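J.: coords please:
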Amino acid sequence: MFVQQRATRVLQVLDQNANTRTTEVIHYSTTYVVNGNTPDEATRNAEKQKTDSNKILFEGLGKSVGILSTLMGFTDEEFGGQLKEHVALRRRL
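T.: Numbers count the residues shown, from 1 in each chain. Prediction:
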């Protein structure tokens, strides 16, 4: 049960971060429309830094879920498969 709880928590963190990032991207897409306003250099640099940081976080969490899903697959094949599907879906987003 502990592995399932950890896997569920990692998925929650992935979902929270993905939702936050999606909201930020939507905000920027409406603030800086094509052929309209452009972000200043400080904003661009901050976004690049945030993107790089998120990439590291998502890759690390994705690997954690991959390991946890393999472990869960030994005791609960269905849940292990669901975790793998969820990670694959998040990587495409």
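
J.: where are the low-confidence patches of the chain?
T.: Low-confidence segments of the chain (pLDDT under 70): 1, 3, 35, 86-93.

J.: which helix in this protein has the most residues?
T.: Counting residues, the longest helix found in the chain (DSSP state H) is helix 41-75.

J.: by contact count, what packs against that one?
T.: helix 2-31, helix 77-92 (3 or more CB pairs under 8 Å, 6 or more residues apart in numbering; DSSP states H and E). Backbone N, C-alpha and C define where each C-beta goes, glycine included.

J.: mean neighbour count added to the ones you listed, as a markdown table?
T.: Below are the helices and strands packed on helix 41-75 laid out as a markdown table (neighbours: other CB atoms under 10 Å):
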| stretch | mean neighbour count |
| --- | --- |
| helix 2-31 | 13 |
| helix 77-92 | 14 |
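
J.: now these in TSV, with distance to residue 68?
T.: Below are those laid out as TSV (distance: least, CB to CB, whole Å):
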stretch	distance to residue 68
helix 2-31	4
helix 77-92	7
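
J.: please report the distance of residue 75 from residue 84.
T.: Relative to residue 84, residue 75 is positioned 15 Å away (CB to CB, to the nearest Å).

J.: if you could redo that for residue 48, that was the one I meant.
T.: Distance, residue 48 to residue 84, by CB to CB: 31 Å.

J.: can you give me phi and psi for residue 33?
T.: Here is the backbone geometry of residue 33 (degrees, to the nearest 10): phi -70, psi 160.

J.: neighbours around it, how many?
T.: The number of residues packed near residue 33 is 10, by other CB atoms under 10 Å.
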